[in-house]
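S.K.: The sequence isn't on hand, but the structure is:
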């Protein structure tokens, strides 16, 4: 059973446009970036005739949400899904499956998100609307049966991550509105194998999403296996150690296991690294110990207000180069983060300011790796075999 904290996290995810460019059927071009958008997204279409929608690729949720034509609080620019213009659209009646009903006996829903405002991540945002059924197309594959999804009728205006893209496409393992995520629907219909993968363009813009078997052109060397925890709606893997410059931060494997969800959540809808307080504090102390041999700007020369206290600093390239490699270990499988993956440009800054791309989630907070950890790898979510597979990305072939 998934803990309440993980369930709330999975139920409250977010999202940021891309011209209608199509890759071959097994590949889908992604737009977006780690910074400043903080999300990667694809084009899909919903309804007949097709209505184009851009959606976040989110392995941290299993819900498909798109904006409606009369959405209160939604920006005017992104595309909208209009059920009245689709000959195959149908509202989901309460007799089918329902979170709750409106006065017209139609299924309704409401989600509150916690990481939705890019200028203040503590501000909650809320979206709500009705549930519909309709056909969808993604990567050249059209569903054989209608899918169930939420249409946003009302959105708080501070939901900045839905200013640019239209909606969210969940890829996690749970079910919502009485059905699994859309990629699992395609598997159940016999259109793809029970796998998907992704890589990010090394130029910093976009990447490739693959549906079905792993694409050997997108990685170098051999795929390494990391077991995915069973009986979870999230992609949870066992982190066993964190190293700074090759030296362990000194915590036992249980420190990474005794967290909500029982391990590390892999979430493409999160752009940075999230550590609970015990791990975050040990990481900070490891960096401070480096000060005896290396001058780390923003850590060794900042007193009590360092990068680890959410302070941002102006950096030269030489100062950035002084920072050590960060390594996350999953039993015998390491994932390396160079300084550029955890010291990130401050959004909106014109002064070469950088901030720490690692946040403290609290004493019983979640442990989450996101896009910064995945950036150097082709990552395969092999649901059929309960494993995550990683290999160094082929930078020449992973081009948006």
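M.R.: Happy to help now that I have it. Computed from a prediction, not measured in an experiment: that's the story for all the values here.
S.K.: Poorly predicted segments of the stretch 1-150 of the chain, please.
M.R.: By pLDDT under 70, the weakly predicted segments of the stretch 1-150 of the chain are 1-25, 77-78, 113-122.
S.K.: all helices of the stretch 1-150 of the chain, in order?
M.R.: Using DSSP state H, counting those that start in this stretch, the helices of the stretch 1-150 of the chain run over 4-11.
S.K.: Could you do the stretch 251-400 of the chain as well?
M.R.: For the stretch 251-400 of the chain, the helices defined by DSSP H, counting those that start in this stretch cover 254-257, 277-290, 317-321, 371-374.
S.K.: Pick the most buried one from these.
M.R.: helix 371-374 (a mean of 24; mean count of other Cβ atoms under 10 Å). (C-beta placed from N, C-alpha, C; glycine too.)
S.K.: what about it, average pLDDT?
M.R.: Averaging pLDDT along helix 371-374 yields 94.
S.K.: which helices and strands does that helix pack with?
M.R.: If contacts are counted by 3 or more Cβ pairs under 8 Å, 6 or more residues apart in numbering; DSSP states H and E, helix 371-374 sits against strand 195-200, strand 333-337.
S.K.: would you list these in JSON lines and tack on mean pLDDT and mean neighbour count?
M.R.: What follows is these, written out as JSON lines (pLDDT from 0 to 100; neighbours: other Cβ atoms under 10 Å):
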{"stretch": "strand 195-200", "mean pLDDT": "96", "mean neighbour count": "26"}
{"stretch": "strand 333-337", "mean pLDDT": "97", "mean neighbour count": "17"}
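S.K.: before we move on, the earlier item: for residue 94, find the nearest of the helices of the stretch 251-400 of the chain.
M.R.: Relative to residue 94, the nearest member of the helices of the stretch 251-400 of the chain by Cβ to Cβ is helix 371-374, separated by 38.0 Å.
S.K.: Break this structure into its domains for me.
M.R.: 4-211, 216-392 (automatic domain parsing).
S.K.: Tabulate the helices and strands packed on helix 371-374 (TSV), appending distance to residue 163.
M.R.: Shown next, in TSV, are these (distance: least, Cβ to Cβ, whole Å):
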stretch	distance to residue 163
strand 195-200	22
strand 333-337	28
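S.K.: Residue 242: which of these is closest?
M.R.: Judging these by Cβ to Cβ, what sits closest to residue 242 is strand 333-337, at 10.0 Å.
S.K.: Contacts for that closest one, please.
M.R.: By Cβ atoms under 8 Å, 6 or more residues apart in numbering, the surrounding residues in contact with strand 333-337 are 224-226, 273, 325-329, 369, 372-373, 376-377, 390.
S.K.: excluding its backbone neighbours, what's nearest the spatially most central residue of the chain?
M.R.: Closest to where the C-alpha atoms of the chain average out (Cα atoms, centre = their mean) is residue 269, at 1.5 Å. Counting by Cβ to Cβ, 6 or more residues apart in numbering, residue 269 lies nearest to residue 58, which is 3.7 Å off, once chain neighbours are set aside.
S.K.: Which one of the domains of the chain lies nearest to residue 398?
M.R.: Across those, closest to residue 398 is domain 4-211 (Cβ to Cβ), at 4.1 Å.
S.K.: List the buried residues of stretch 369-387.
M.R.: 369-383, 387 (16 or more other Cβ atoms under 10 Å).
S.K.: Among the residues you listed, which one lies nearest to residue 112?
M.R.: The closest of the buried residues of stretch 369-387, once distances to residue 112 are taken by Cβ to Cβ, is residue 370, at 20.4 Å.
S.K.: residue contacts, the closest one?
M.R.: Taking Cβ under 8 Å, 6+ apart, we find residue 370 in contact with 267, 268, 269, 270, 271, 272, 273, 274.
S.K.: do the same with residue 191
M.R.: Going by Cβ under 8 Å, 6+ apart, the list of residues near residue 191 reads 141, 144.
S.K.: And it, how close does it get to residue 211?
M.R.: Distance of residue 191 to residue 211, computed by Cβ to Cβ, to the nearest Å: 8 Å.
S.K.: what do these two both touch?
M.R.: Contacts common to residue 191 and residue 211, judged by Cβ under 8 Å, 6+ apart, are residue 141.
S.K.: Report the beta-bridge partners for the closest residue in space to residue 205 that isn't next to it in sequence.
M.R.: Leaving out its chain neighbours, the residue that sits closest to residue 205 by Cβ to Cβ, 6+ apart is residue 33, at 5.4 Å. As for beta bridges, residue 33 partners with residue 39 under DSSP bridges.
S.K.: and residue 33, how many residues sit next to it?
M.R.: Residues lying near residue 33 (other Cβ atoms under 10 Å) number 21.
S.K.: that older thread, switch the contacts of residue 370 over to JSON lines; also include distance to residue 281 and pLDDT.
M.R.: Compiled in JSON lines, the contacts of residue 370 are given as follows (distance: Cβ to Cβ, whole Å; pLDDT from 0 to 100):
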{"residue": "267", "distance to residue 281": "22", "pLDDT": "93"}
{"residue": "268", "distance to residue 281": "27", "pLDDT": "93"}
{"residue": "269", "distance to residue 281": "26", "pLDDT": "86"}
{"residue": "270", "distance to residue 281": "21", "pLDDT": "86"}
{"residue": "271", "distance to residue 281": "23", "pLDDT": "85"}
{"residue": "272", "distance to residue 281": "18", "pLDDT": "90"}
{"residue": "273", "distance to residue 281": "15", "pLDDT": "94"}
{"residue": "274", "distance to residue 281": "14", "pLDDT": "93"}
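S.K.: Cross the residues you listed against strands and list the overlap.
M.R.: Filtering the contacts of residue 370 for membership in strands, criterion DSSP state E, returns 273, 274.
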